[in-house]
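Student: please work out how this folds:
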Amino acid sequence: MVVVLIAVPLSLGIAMASGAPLGAGLVAAGVGGVVAALLGGTPLQVTGPAAGLTFVVAELVTRYGWKATCTITAAAGVVQVGLGALRVGRAALAIPPAVVHGMVAGIGVIIVAAQLHVVLGGQPSGSAIDNLLGLPGRLVDHPPAELALGTLTIALLVAWPRVPRPLRLVPGPLAAVLLPALVATALSADVVYVDLPRDVLSAPGLTGLPGGAWIDVALAVLTVALVASVESLLSAAAIDRMSSGPRARLDRELVGQGTANLASGLLGGMPVTGVMVRSAANVQAGARSRASAALHGIWILLLAGLAGDLLAGLAGHVPLSVLGALLVTIGVRMIAGTHIRRVHVHGELAGYLVTAAGVVLFGLVEGVALGIAAAVALSLHRLSRAHVAVRTAGPAHQVRISGRLTFLGVPRITRALAMVPVGSQVELELALDYLDHAGRDALESWWTRHEQSGGSVRRRPPAA
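Tutor: Here you go, the predicted structure:
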């Protein structure tokens, strides 16, 4: 029940940000929650629509329409099942964490830029850059009631962890939606409210393959499948660290997530992934088995199906700016300072920044590709980096070369050795982890030239 109270407002907000029907968020949370819980390999993981796919779904809805997006979601589920059957679950974790965190941060920037327009009483455009550039103008001309309600929502989300413990029994996202909604209703605020259909669980009916080139459709299917898979597997790995229960079976988790996406797409829902926020709440609330995640989905389906009129009536009192503010907070948290500090400590900040900027400027696939290219370039730089230290010790010059000397490091080594005086005595210490043919040739050539010029080179063993 704790997860249900968190999942309902988040699912509605993510559906709104994606340009999908609001009911599609509840269908995805209900169907995905049940199917993935029963078939997945991570018992305590909760599945539903995730903010990480918001940008992808929004692009698909704009390009192909909602019904075709459901088809793409179902097809992506089939791809995920295939990946799980091929037992490539752990291979997805080979993507550098800096790239994954950068992708999430870039999506967070896009969500924040778009939903700030909603908080300010406007409508976001389809371009993240246009949304960012349009914010100053929106700040100048905005309805004050929308901004006040959105600000109240953000303040509640920030302050809720510090309220007295009895109040914290109510999940923060639920309180941040209900309290501003009560204020808006009490004041009869002139704002735009959520319009949730009463037949939430009605399937849209599939329309076959989306229009356009088949290669574009295939790329869209693969994008949804890969992003959903990576996010689910990373969440599963994190849940493993949080709990002492059964360990995650990643290949089975892929099959469960793929089946959930297949079912969600066929029934008119959004793409789903394992969601860290809901999963963490599930663990912290005392979950012990997959029954809690499955019951979360069942409760949502019952709420949407049996109490559709009641739910639509309640949602009709929630201002759109409140859901927008909820998503702004989610987007800001996706740009996590802890992740930035962590990748900086490990020297991977460049890959993080390249990925985030690429996602914002060019798109999700392009941003991730740029991030992976940056990570590969950084790894090659590290693998080929050799350190040279030259110092004088009495009549001799001590030269120490350490690290990995490959053809990429030959110019740097050659410049350093050229600084050794001609005809001098040299004590050479090679503390190399790896030496390729080009590096060996460069060292032997310098050694030969130095001795021919009247100098001497004595090899000494590396220091312990």
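Student: if you count neighbours, what's buried in stretch 252-267?
Tutor: By neighbour count on 16 or more other C-beta atoms under 10 Å, the buried set for stretch 252-267 is 252-267. No exception for glycine: its C-beta is placed from N, CA and C like everyone else's.
Student: which of these lies closest to Gly439?
Tutor: Leu254 (42.3 Å; C-beta to C-beta).
Student: and the closest one, how far is that from Thr273?
Tutor: 11 Å (C-beta to C-beta, to the nearest Å).
Student: that older thread, nearest to Ala238 among the buried residues of stretch 252-267?
Tutor: Comparing every one of these with Ala238 (C-beta to C-beta), the shortest separation belongs to Glu253, at 12.6 Å.
Student: and for the spatially closest residue to that closest one that is not a sequence neighbour, the neighbour number?
Tutor: The spatial neighbour of Glu253 that comes closest, neighbours along the chain excluded (C-beta to C-beta, 6 or more residues apart in numbering), is Gly41 at 3.8 Å. Per other C-beta atoms under 10 Å, the neighbour tally for Gly41 reads 23.
Student: go on, Ala431?
Tutor: Using other C-beta under 10 Å, Ala431 has 13 other residues around it.
Student: check the one 3 residues further on too.
Tutor: Tyr434 is surrounded by 12 other residues when neighbours are defined as other C-beta under 10 Å.
Student: also Ala155?
Tutor: By other C-beta under 10 Å, the burial measure for Ala155, its neighbour count, is 13.
Student: buried residues in the helix or strand hosting Ala304?
Tutor: In the assignment (DSSP states H and E), Ala304 maps to helix 291-306. Neighbour counts over helix 291-306 (16+ other C-beta under 10 Å) mark 292-297, 299-301, 303-304 as buried.
Student: just stretch 369-378 next, same as before
Tutor: Under 16+ other C-beta under 10 Å, the buried positions of stretch 369-378 are 370-372, 374-375, 378.
Student: any idea which of those is closest to Ile107?
Tutor: Gly371 (12.6 Å).
Student: doesn't that closest one fall inside a helix?
Tutor: Yes: when DSSP: H, G, I helix; E, B strand; the rest coil is applied, Gly371 is found to be in a helix.
Student: quick one: it and Val99 touch, right?
Tutor: Yes: assessed by C-beta atoms under 8 Å, Gly371 is found in contact with Val99 at 3.9 Å.
Student: between these two, which contacts overlap?
Tutor: Counting by C-beta atoms under 8 Å, 6 or more residues apart in numbering, the common neighbours of Gly371 and Val99 are 351-352, 355.
Student: in helices, which of those fall?
Tutor: Those of these mapping onto helices are 351-352, 355, per DSSP state H.
Student: distance of the closest residue to Val255 other than its chain neighbours from Ile95?
Tutor: Excluding its sequence neighbours, the residue lying closest to Val255 (C-beta to C-beta, 6+ apart) is Gly84, at 3.7 Å. Gly84 is 17 Å from Ile95, where distance means C-beta to C-beta.
Student: and for Leu182?
Tutor: Counting by C-beta to C-beta, the gap from Leu182 to Ile95 is 44 Å.
Student: more neighbours, the two?
Tutor: Ile95 (18 against 12).
Student: contact partners for the more buried one?
Tutor: Counting by C-beta under 8 Å, 6+ apart, Ile95 has contacts 230, 372.
Student: now the strands for the chain?
Tutor: 47-48, 273-274, 386-393, 396-405, 425-435, 456-460 (DSSP state E).
Student: could you dump these to JSON lines with mean pLDDT and distance to Ala220?
Tutor: Below are the strands of the chain laid out as JSON lines (pLDDT from 0 to 100; distance: least, C-beta to C-beta, whole Å):
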{"stretch": "strand 47-48", "mean pLDDT": "94", "distance to Ala220": "21"}
{"stretch": "strand 273-274", "mean pLDDT": "93", "distance to Ala220": "16"}
{"stretch": "strand 386-393", "mean pLDDT": "84", "distance to Ala220": "45"}
{"stretch": "strand 396-405", "mean pLDDT": "87", "distance to Ala220": "41"}
{"stretch": "strand 425-435", "mean pLDDT": "88", "distance to Ala220": "42"}
{"stretch": "strand 456-460", "mean pLDDT": "87", "distance to Ala220": "60"}
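Student: ramachandran coordinates for Ala418?
Tutor: phi -70, psi -20 (degrees, to the nearest 10).
Student: report pLDDT for it.
Tutor: Per-residue pLDDT puts Ala418 at 87.
Student: near it, how many other residues are there?
Tutor: By other C-beta under 10 Å, neighbour count at Ala418 equals 9.
Student: likewise for Thr355?
Tutor: Neighbours of Thr355 (other C-beta under 10 Å): 30.
Student: list the contacts of it.
Tutor: 98-99, 102-103, 105-106, 367-368, 370-371, 374.
Student: quick one: low-confidence residue ranges for this structure.
Tutor: 92-93, 199-209, 307-308, 463-464 (pLDDT under 70).
Student: longest helix of it?
Tutor: From DSSP H, the single longest helix across the chain is helix 214-242.
Student: please point out which parts of it sit buried.
Tutor: Buried, per 16+ other C-beta under 10 Å, within helix 214-242: 217, 220-221, 223-240.
Student: same question for stretch 267-286.
Tutor: 267-283.
Student: ends of that stretch, how far apart?
Tutor: 31 Å (C-alpha to C-alpha, to the nearest Å).
Student: returning to what we had before: got any residues that touch both of Leu254 and Thr273?
Tutor: Ser232.
Student: hmm, Val35 is touching Gly265, no?
Tutor: No: contact criterion C-beta under 8 Å: Val35 and Gly265 do not qualify, at 11.6 Å.
Student: quick one: contacts for Leu139?
Tutor: By C-beta under 8 Å, 6+ apart, the neighbours of Leu139 are Leu120.
Student: so how far is Leu157 from it?
Tutor: From Leu139 over to Leu157 (counting by C-beta to C-beta), the distance is 21 Å.
Student: go on, Ala20?
Tutor: 23 Å.
Student: who's more crowded, the two?
Tutor: The neighbour count for Ala20 versus Leu157, taken as other C-beta under 10 Å, is higher for Ala20 (26 against 21).
Student: that one: what's it in contact with?
Tutor: 57, 61, 66, 69, 270.
Student: still on that earlier bit, out of the ones in helices among the shared contacts of Gly371 and Val99, who's nearest Asp433?
Tutor: Once C-beta to C-beta is applied, the member of these that ends up nearest Asp433 is Gly351, at 22.8 Å.
Student: in this structure the closest one contacts Leu378, no?
Tutor: Yes: using C-beta under 8 Å, Gly351 is in contact with Leu378, at 6.1 Å.
Student: list the contacts for the closest residue to Leu152 other than its chain neighbours?
Tutor: In space, and not counting its chain neighbours, Leu152 is closest to Pro180: 4.9 Å by C-beta to C-beta, 6+ apart. By C-beta under 8 Å, 6+ apart, Pro180 lies in contact with 149, 152-153, 156, 319, 322.
Student: and Pro180, how far from Ala312?
Tutor: In terms of C-beta to C-beta, Pro180 sits 19 Å off from Ala312.
Student: the helices in the stretch 251-400 of the chain, which residues?
Tutor: 276-284, 291-306, 308-315, 320-334, 337-345, 349-361, 364-383 (DSSP state H, counting those that start in this stretch).
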